[in-house]
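Visitor: okay, predicted coordinates and the sequence, questions at the end:
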2 protein chains.
Amino acid sequence: MVDIATRVYNHNWKIDPIVRSIIDTDFYKLLMCQSIFRNRPDTRVVFSLINRTTSIRLAELIDEGELREQLDHVRSLSLTRGESTWLRGNTFYGKRQMFRSDFMEWFEGLRLPPYHLEKRDGQFELTFEGAWPEVMLWEIPALAVLMELRSRAVLKTMGKFELQVLYARAMTRLWEKIERLRTIPDLKIADFGTRRRHSFLWQDWCVQAMQEGLGDAFIGTSNCRIAMRRDIEAIGTNAHELPMVLAALADSDEELARAPYDVLADWHEEHDGNLRIILPDTFGSEGFLRNAPDWLNKWTGMRIDSGDPAAGAEAAIRWWQDRGEDPRTKLVIFSDGLDVEKMFELHARFHGRVKVSFGWGTLLTNDFRGLAPGDALAPFSLVCKAVSANGRPTVKLSDNPNKAMGPADQVARYKRVFGVGAQQPLKVEV
Amino acid sequence: MVDIATRVYNHNWKIDPIVRSIIDTDFYKLLMCQSIFRNRPDTRVVFSLINRTTSIRLAELIDEGELREQLDHVRSLSLTRGESTWLRGNTFYGKRQMFRSDFMEWFEGLRLPPYHLEKRDGQFELTFEGAWPEVMLWEIPALAVLMELRSRAVLKTMGKFELQVLYARAMTRLWEKIERLRTIPDLKIADFGTRRRHSFLWQDWCVQAMQEGLGDAFIGTSNCRIAMRRDIEAIGTNAHELPMVLAALADSDEELARAPYDVLADWHEEHDGNLRIILPDTFGSEGFLRNAPDWLNKWTGMRIDSGDPAAGAEAAIRWWQDRGEDPRTKLVIFSDGLDVEKMFELHARFHGRVKVSFGWGTLLTNDFRGLAPGDALAPFSLVCKAVSANGRPTVKLSDNPNKAMGPADQVARYKRVFGVGAQQPLKVEV
């Protein structure tokens, strides 16, 4: 029987919304948002979309009107009562009331600020400007909207059975990955794939497949909406935007050099346990670790998000050893460009030497490589980053010069201040 | 929104029926049924289930109670008004009113006769006894019920995502076959897979995939219910049961020798065009063709259903040439154990020499080989055949001695009467 009411209700949708919840975003954005809301509420930032895969001409694939409708829809969203209850009442990382009342009250009233959209040279220039705690929440929905509109542009050329077989192939591929991962002893793996997902429904499928296929080895998802819907752990700590913005605000080279540690000092005060994860690569991991204050030695672990992951983990192990820490008690989270083979390699090399964990992103939630004619659904490298703070440009160096961003003179200055020498360029896949 | 009425209505199902329509059967059964209803309505026959794959112990896999429920459900079915309208009003093989009024009136009142079921040595002994036009309609639903109960027995051990990936793999496999078939010029192919299908829903999916993937090269399905539901051609002509039963009824060797031609004489009177398809192999193709009356030369084509298909088609071509017919005007329908590679070979060899057509069965609607642990969903060789007529045993020789059936003394007699010498044994795959 067709449910007539449902069909008639669906007639009212002007669009099929890509983002249907303000917490369809990464958990660490909310943690960072709360921190920024307390410590830097008045900082003005600009976030900007950057398509690192310039061969994909998004503005030729995606209709500007449809993009505006989706972005306008995101602006119409606000925290629902159920979502608020979940954020207030749930246990995150073993802790109750992770989100303070003042933050929750502000978040309940929040609508995302306006966006600015232009087309240039086949790409969209999409920027968000305003108070940091508001603007930063655009990052994930903006990426998810662009990624899924690109998917839809390709999918709408396909027949009904072509579509079904497309998803059949993608499902089979993911399941075969899961079957292989199942053979890794003591595996710990989380979904980090919101930002580059093929679509919301696909991410939700992937998460459920990981639940059934991996059981306890699947430790959760970065996506709050899916964590809530599927009753699993929300996962994530902090990201590059904190040191990037703090560094941009520095008034001197001395302040700049201190900025990455000041950020973590705030974090240290707010969080403990598995939330104390060092992300060392914003301005080069080597200098960051060399100059790190002693209180960072005791942090729980480190996330390796650029550069050669094995080299990064070896450096982390040496650093802990040099500082009298037992690496076997430390957690290393790999989160950059992972797929099954790389996870096998990294696990084989580091299992037993540190606690190993994986944050699996794009190749979990968007591995449609080779599945559409012209490889038109292959994932690509789209980011949405803070590009300025209080009018000053931000800089990211990372451990891979191909991921560096910022004006050339500022990049040179940061390299000097953070003592970054020659770096090995690695291809940015996704 | 959940449709509450649907859910509540579904509570009432005692079983999930496998066969939901009395025309969920092969079109040729109805054509033959009409012919038998006119010419031999009072013949008493026994049909019996024969599992040629004895390694699959059906009675250990399938609960007898569930089997009885499904068979009882088949007995509760009768022709619906819509189905009757379709059979009466539709065009089959370009002809209106293929089914005569007296037959339709009888069919509208029909319920399938009782069955007899016992377990022996891990197998089911399932037999149907009664008037030929009624009993013969059990063949396809009985096979479909057994095949699908076996699938369900395996599937119920699997998790939700395992199931989804199982079907994803099967869909991908079929789609890749379709993509390959698409490259064959002037392909003509029909679904002949009802009797060995994995399940009804899967056959229906396969048919729709063929429709989208092959367009006009897909000429129809043997399944009446699916032909009606998907608004496509119903395909099929006649089968071994006609000469088998008529031969068993013969009172002398002379009558026996004539029986296969008498059957076709009746058919000749009833049908023309593409329904005049010779099925020569019931008692050996070689003798059948050698002794065939001249009026068979003009028939439209031949169906090759056992033995080496290339050898069978070459023999057909030689036969037509010897009798002054142009083979290029004749249709050869291959229908035995086909898969994509074999179709490529046969098409390459015979395209241009005859009109080539394929009736694709088990490996269209049940290619789950290698997809379940222990290959527990691989198709197997189950048939339901007339084993006696008016108390006398039936015999089938076919062009493959591994497909022969009947009591040894009768097999020897038939071989003598039909002049069958040494035959090449071929493995019966499906």
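Guide: Good, I have the coordinates. Numbers count the residues shown, from 1 in each chain, chains lettered A, B, ... in the order given.
Visitor: which bits of chain A sit near chain B?
Guide: Within chain A, the positions adjacent to chain B are A:1-3, A:5-6, A:9, A:159-162, A:164-165, A:167-169, A:171-172, A:175, A:208-209, A:212-213 by Cβ under 8 Å from any Cβ of the partner chain. C-beta coordinates here come from the backbone N, C-alpha and C atoms, glycine included.
Visitor: what does whichever strand or helix holds A:Glu179 contact?
Guide: According to DSSP states H and E, A:Glu179 maps onto helix A:160-181. Residues outside helix A:160-181 that contact it (Cβ atoms under 8 Å, 6 or more residues apart in numbering or on different chains) are A:155, A:158, A:187, A:189, A:198, A:202, A:205-206, A:209-210, A:213-214, A:217, A:339-340, A:343-344, A:364, A:367-368, A:371-372, A:377, B:161-162, B:164-165, B:167-169, B:171-172, B:175, B:208-209, B:212-213.
Visitor: tell me where the model's unsure across chain A.
Guide: Applying pLDDT under 70 to chain A flags the ranges A:1, A:429.
Visitor: could you pull out the strands for it?
Guide: Using DSSP state E, the strands of chain A run over A:44-51, A:91-92, A:95-96, A:115-120, A:123-131, A:189-191, A:218-221, A:277-278, A:301-304, A:331-334, A:355-360, A:382-389, A:392-393.
Visitor: from the chain's centroid, how far away is the fourth one?
Guide: Taking Cα atoms, centre = their mean, to the nearest Å, one finds the center of strand A:115-120 at 23 Å from the center of the full chain.
Visitor: how about the longest one?
Guide: Its chain's average C-alpha position is 18 Å from that of strand A:123-131, according to Cα atoms, centre = their mean.
Visitor: verify the stated contact: A:Leu397 with A:Ser285.
Guide: No: taking contacts as Cβ atoms under 8 Å, A:Leu397 lies outside contact range of A:Ser285: 9.7 Å.
Visitor: re earlier: I'd like the strands of chain A as JSON lines, with mean neighbour count and distance to B:Ile22 appended.
Guide: Output for those, formatted as JSON lines (neighbours: other Cβ atoms under 10 Å in any protein chain shown; distance: least, Cβ to Cβ, whole Å):
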{"stretch": "strand A:44-51", "mean neighbour count": "20", "distance to B:Ile22": "59"}
{"stretch": "strand A:91-92", "mean neighbour count": "16", "distance to B:Ile22": "58"}
{"stretch": "strand A:95-96", "mean neighbour count": "11", "distance to B:Ile22": "62"}
{"stretch": "strand A:115-120", "mean neighbour count": "13", "distance to B:Ile22": "60"}
{"stretch": "strand A:123-131", "mean neighbour count": "18", "distance to B:Ile22": "59"}
{"stretch": "strand A:189-191", "mean neighbour count": "25", "distance to B:Ile22": "49"}
{"stretch": "strand A:218-221", "mean neighbour count": "24", "distance to B:Ile22": "48"}
{"stretch": "strand A:277-278", "mean neighbour count": "24", "distance to B:Ile22": "66"}
{"stretch": "strand A:301-304", "mean neighbour count": "24", "distance to B:Ile22": "64"}
{"stretch": "strand A:331-334", "mean neighbour count": "23", "distance to B:Ile22": "60"}
{"stretch": "strand A:355-360", "mean neighbour count": "22", "distance to B:Ile22": "52"}
{"stretch": "strand A:382-389", "mean neighbour count": "21", "distance to B:Ile22": "56"}
{"stretch": "strand A:392-393", "mean neighbour count": "16", "distance to B:Ile22": "76"}
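Visitor: tabulate these in TSV, adding columns for distance to B:Gly324.
Guide: Converted to TSV, these look like this (distance: least, Cβ to Cβ, whole Å):
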stretch	distance to B:Gly324
strand A:44-51	72
strand A:91-92	87
strand A:95-96	92
strand A:115-120	73
strand A:123-131	72
strand A:189-191	72
strand A:218-221	73
strand A:277-278	87
strand A:301-304	82
strand A:331-334	77
strand A:355-360	71
strand A:382-389	71
strand A:392-393	91
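Visitor: looking at those strands, which is nearest to B:Asp253?
Guide: strand A:218-221 (72.8 Å; Cβ to Cβ).
Visitor: please name every helix or strand in contact with that closest one.
Guide: On a contact count with 3 or more Cβ pairs under 8 Å, 6 or more residues apart in numbering or on different chains; DSSP states H and E, strand A:218-221 meets strand A:189-191, helix A:200-214, helix A:224-230.
Visitor: need the contact partners of it.
Guide: The contact list for strand A:218-221 (Cβ under 8 Å, 6+ apart) reads A:188-191, A:194, A:207, A:210-211, A:227, A:230, A:232-235, A:357.
Visitor: and for stretch A:83-91?
Guide: Applying Cβ under 8 Å, 6+ apart, the external contacts of stretch A:83-91 come out as A:21-23, A:30, A:79, A:97-99, A:104, A:107-108, A:224-225, A:228, A:234.
Visitor: same check on stretch A:393-409?
Guide: A:50, A:240, A:244-245, A:247-248, A:281-285, A:305-308, A:312, A:385-388, A:410-411, A:413-415, A:418, A:420, A:423-428.
Visitor: now these: which count as buried?
Guide: Using 16 or more other Cβ atoms under 10 Å in any protein chain shown as the burial test, the contacts of stretch A:393-409 include A:240, A:244-245, A:247-248, A:281-285, A:305-307, A:312, A:385-388, A:410-411, A:414-415, A:418, A:420, A:423, A:426, A:428 as buried.
Visitor: what residue in the stretch 201-350 of chain A comes nearest to chain B?
Guide: Closest contact between the stretch 201-350 of chain A and chain B, by Cβ to the nearest Cβ, is at A:Glu212 (4.2 Å).
Visitor: show the contacting residues for that residue.
Guide: Taking Cβ under 8 Å, 6+ apart, we find A:Glu212 in contact with B:Gly159, B:Lys160, B:Phe161, B:Glu162.
Visitor: still on that earlier bit, and the contacts of strand A:218-221, which is closest to A:Arg40?
Guide: Closest to A:Arg40, out of all of these and judged by Cβ to Cβ, is A:Ala234, at 23.3 Å.
Visitor: ok, the closest one touching A:Lys29?
Guide: No: between A:Ala234 and A:Lys29 there is no contact under Cβ under 8 Å: 10.9 Å.
Visitor: if you count surrounding residues, which of these two has more?
Guide: Taking other Cβ atoms under 10 Å in any protein chain shown, A:Ala234 and A:Lys29 do not tie; A:Ala234 has more neighbours (27 against 24).
Visitor: please name the bridge partners of that one.
Guide: A:Thr221 (DSSP bridges).
Visitor: OK, contacts around it?
Guide: Shown in contact with A:Ala234 (Cβ under 8 Å, 6+ apart): A:Phe27, A:Asn90, A:Phe92, A:Gly220, A:Thr221, A:Ser222, A:Asn223, A:Cys224, A:Ala227, A:Met228.
Visitor: hmm, which two among those are most spread apart?
Guide: Comparing every pair within the contacts of A:Ala234 by Cβ to Cβ identifies A:Asn90 and A:Ser222 as the most remote, at 14.9 Å.
Visitor: how about A:Phe288, nearest residue that isn't a chain neighbour?
Guide: Counting by Cβ to Cβ, 6 or more residues apart in numbering or on different chains, A:Phe288 lies nearest to A:Pro280, which is 4.3 Å off, once chain neighbours are set aside.
Visitor: and for that neighbour, the neighbour number?
Guide: A:Pro280, neighbours per other Cβ under 10 Å, totals 26.
Visitor: break chain A into its domains for me.
Guide: Domain assignment for chain A, taken from automatic domain parsing, gives A:15-156+A:380-417, A:166-365.
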